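A.B. asks: generate a structure from the sequence data that follows.
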Amino acid sequence: MTHSSVTIVGRLGSVSEERELPSGDIVTSFTVIVDRTGASRRRSARGASSAGPRQVDAIPCQAFTAVLRRRIARLEGGTLVEVVGTLRRRFWRAGTALGSAVEVDVQRMAPIKESVQP
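C.D. replies: Residues are numbered from 1 along each chain as shown. So this is what the prediction gives:
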């Protein structure tokens, strides 16, 4: 049995976009920014020092439920969040070209209170 389940902890991107799909469904698209860890930084550095500039990934996410859309709208960019969802690969046509993207279909999302270091 296979399944797709992801948990992402990162910072909410600064811009979210709500739009209506041709089906009539409303979706909020947003990004979660995560820092790259040691091994993935080394793979992408191509010989550069791993102590160089901070490297991040912007993970595209989509929320379809009204509860999640309202929650996202209330949060500010930079808020630390935990997102739980499933990976989806979406395809579309643009003229004669075929495009695709992998996105997180969000099932749960909550802000995380940051602890203050003494």
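
A.B. asks: for this structure, what spans make up the helices?
C.D. replies: Secondary structure of the chain, counting by DSSP state H: helices at 38-45, 66-74.

A.B. asks: lowest-confidence stretch among the ones you listed?
C.D. replies: Mean pLDDT across those is lowest at helix 38-45; the value there is a mean of 59.

A.B. asks: where does pLDDT dip in this protein?
C.D. replies: 39-52, 116-118 (pLDDT under 70).

A.B. asks: okay, and the beta partners of residue 7?
C.D. replies: residue 84 (DSSP bridges).

A.B. asks: need the contact list for it.
C.D. replies: For residue 7, the contact set (C-beta atoms under 8 Å, 6 or more residues apart in numbering) comprises 82-84. Every C-beta, even on glycine, is put in place using the N, C-alpha and C of the backbone.

A.B. asks: top of the residues you listed by number of neighbours, please.
C.D. replies: Neighbours here mean other C-beta atoms under 10 Å. Within these, the largest count is held by residue 83, at 23 neighbours.
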